[in-house]
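Peer 1: have a look at this fold, sequence not included:
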Ligand SMILES: CC(C)(COP(=O)(O)OP(=O)(O)OC[C@H]1O[C@@H](n2cnc3c(N)ncnc32)[C@H](O)[C@@H]1OP(=O)(O)O)[C@@H](O)C(=O)NCCC(=O)NCCS
């Protein structure tokens, strides 16, 4: 039987590990903007959820979602290389989407590096649709592909007219 570890909110002690994962697996080649202090700020921010998936106390992956008035923004997501392709990324995204849907938000938006086809394939698998590109989005050096997902469709509900 495959057991998927459960998702929970990050604690301040998780900030360094999360920041290092961002540096190594997301921001590589672009410097390090998601420092431990910035991750701690996100953990404390009432409009942001920093979610982690843990096994035996170790953080295997994390996701950061910021909640606006009508839309949520999936800011960062990563799973440790040795833990990928076992469903952890999907569990994290679905947990964060559920929080957004419960809050009544319409959709989730995100940007993925255009040089990261694996992440784009992952998000397509999660029901995200391409919604344009943003040249030089990452420090003027790397383009972004914007992806979006309607939470109303996933809830089987039609938006109000
Ligand atoms: C993108 C990422 C979070 C996916 O995490 P994961 O735990 O491996 O994803 P899952 O196991 O939940 O994958 C679910 C489905 O997505 C698809 N998928 C995942 N990674 C994929 C890849 N590299 N290429 C193609 N499809 C992929 C698969 O269809 C997979 O289904 P499967 O189980 O039938 O193979 C992970 O690869 C990662 O951390 N990458 C580096 C950081 C990054 O790129 N983050 C996203 C941008 S912020």
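Peer 2: Sure thing, it's come through. What you are looking at is a predicted structure, and each value in this text was computed from that prediction instead of being measured.

Peer 1: just give me the neighbour total for residue 143.
Peer 2: By other C-beta atoms under 10 Å, the residues close to residue 143 number 14. Glycine gets a C-beta too; all of them are placed from N, C-alpha and C.

Peer 1: no, scratch that, I was asking about residue 133
Peer 2: Neighbours of residue 133 under the rule other C-beta under 10 Å: 12.

Peer 1: what's the helix or strand hosting it in contact with?
Peer 2: Using DSSP states H and E, residue 133 sits within strand 129-138. With contacts defined as C-beta atoms under 8 Å, 6 or more residues apart in numbering, strand 129-138 is touched by 30, 109, 111, 113-114, 120, 142-149.

Peer 1: one more time with 10 Å
Peer 2: If you take C-beta atoms under 10 Å, 6 or more residues apart in numbering as the criterion, strand 129-138 is touched by 26-27, 29-31, 33, 107, 109-115, 120, 123-124, 142-150.

Peer 1: neighbouring strands of the following helix or strand past it in the sheet, and parallel or not?
Peer 2: Once the chain leaves strand 129-138, the next helix or strand it forms, by DSSP H and E, is strand 142-150. Its sheet considered, strand 142-150 pairs with strand 107-113 (antiparallel), strand 129-138 (antiparallel) by DSSP bridges.

Peer 1: for the ligand, find the nearest of those strands.
Peer 2: Ranking those by proximity to the ligand (C-beta to the nearest ligand atom) places strand 107-113 first, at 5.0 Å.

Peer 1: do the closest one and the ligand come into contact?
Peer 2: Yes - shown here: strand 107-113 in contact with the ligand (C-beta under 6 Å from any ligand atom) through residue 112.

Peer 1: quick one: buried residues of the next helix or strand after that strand?
Peer 2: Later in the chain than strand 107-113, the nearest helix or strand by DSSP H and E is helix 117-125. Neighbour-count burial for helix 117-125, with 16 or more other C-beta atoms under 10 Å as criterion, is recorded at 119, 120, 122, 123.
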